[in-house]
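1. this is a predicted model, with the sequence first.
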Amino acid sequence: MTELPLIGEAVAVAAGAPAERSLAGAKIGVVTFPGTLDDRDAARAVRLAGATPVALWHADTTLGDVDAVVIPGGFSYGDYLRAGAISRFAPLMAKVIDAANSNARLPVLGICNGFQILTESHLLPGSMIKNDHLKFMCRDQILRVENNTTAWTGDYAAGQEITVPLKNQDGQYIADEKTLDALEAEGRVVFRYVGFNPNGSRRDIAGISNAAGNVVGLMPHPEHAVETGFGPENGSGTEGLGFFTSVLNKIVGANK
């Protein structure tokens, strides 16, 4: 089998260097709920970035020794009651919440349904409701990186535009005006839709972070834009890989 490139081509690391060994030893947990669809895609993105994915089940009572956590997309528990509303009470989520809010500030990325779960868990403010057109939307979406100082965006440039797939029916981000103003003022709007707002999200918001910057949620799917020939046709097709290389560089920096 052909060896997967260390963190794609996003970061050049000399073979055998200490940084490479540190990256290869990083462990990123990928959470699966009943109804999760994109856990294997997220795990592959982690491998392509150079880390080791660790499968985490919603009923687990420990995170083990993972360095970060990805909550992938899908329809956890069938989106009954409200998207992410049941998942919020899974045993593993209690551990994720504690770790994210601890002094260690465990990096957590919520993608699509994962973003919904993060809002339901109150790790992120606001809520997700049906798209304003009341239809499922699937398309390649341009995003602008508004904040490149979070644990998951450090490998991007502020203002950079990237293209990643989007697929959702409960993708409209809402919050009261006070919360929206605070997110803007504190630089916690991490991604914004460019050219077209696919779901009616307030202020074209595609993704946000918590105050510490270790928790990020977004509706589009960076894990589907990590391999040439399998991602969006616009741009490199691998513009989602930076999420995963960013958190690895963050982990390595913290461990120095």
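-> Good, I have the coordinates.

2. for the rest of this, base every contact and every neighbour count on C-alpha atoms.
-> Will do.

3. who are the contact partners of residue 216?
-> Counting by Cα atoms under 8 Å, 6 or more residues apart in numbering, residue 216 makes contact with 108-110, 115, 124, 150, 152, 190, 207-210.

4. next step: those restricted to strands.
-> Judged by DSSP state E, the contacts of residue 216 include 108-110, 190, 207-209 as members of strands.

5. which stretches of this protein form helices?
-> Secondary structure of the chain (DSSP state H): helices located at 18-25, 39-49, 91-101, 113-120, 177-185, 241-255.

6. so which of those helices is the most packed in?
-> Most buried of the helices of the chain, by mean neighbour count (mean count of other Cα atoms under 10 Å): helix 113-120, with a mean of 28.

7. how about residues contacting it?
-> 70-76, 83-85, 87-88, 109-110, 124-128, 216-219.

8. any idea how far residue 209 is from residue 109?
-> Using Cα to Cα, to the nearest Å, residue 209 is found at 9 Å from residue 109.

9. list residues touching both of these two?
-> 215-217.

10. closest one of the residues you listed to residue 251?
-> Of all those, residue 215 has the smallest distance to residue 251: 13.9 Å, by Cα to Cα.

11. so what sits opposite the closest one in the bridge?
-> residue 108 (DSSP bridges).

12. identify the residues contacting it.
-> By Cα under 8 Å, 6+ apart, the neighbours of residue 215 are 100, 106-110, 123-124, 151, 209.

13. ok, now residue 162?
-> Residue 162 touches 142-145, 235, 239-240, counting by Cα under 8 Å, 6+ apart.

14. among the residues you listed, which two are most distant?
-> Farthest pair in these (Cα to Cα) is 145 and 235. Separation: 15.2 Å.

15. settle it for me: which of these two has more neighbours?
-> More crowded of residue 145 and residue 235, by other Cα atoms under 10 Å: residue 145, with 21 against 12.

16. can you tell me the closest non-neighbouring residue to residue 199?
-> residue 131 (4.4 Å; Cα to Cα, 6 or more residues apart in numbering).

17. number of residues surrounding that neighbour?
-> Other residues near residue 131 come to 19 when the count uses other Cα under 10 Å.

18. for the contacts of residue 216, pick the one with the most neighbours.
-> Most neighbours among the contacts of residue 216, by other Cα under 10 Å: residue 115, with 31 neighbours.

19. how near is it to residue 79?
-> From residue 115 to residue 79 the distance is 13 Å (Cα to Cα).

20. mind listing what the residue nearest the centre of the chain touches?
-> In the chain, the residue lying closest to the centroid (Cα atoms, centre = their mean) is residue 109, at 3.6 Å. The neighbourhood of residue 109, defined by Cα under 8 Å, 6+ apart, consists of 69-71, 115, 152, 215-217.
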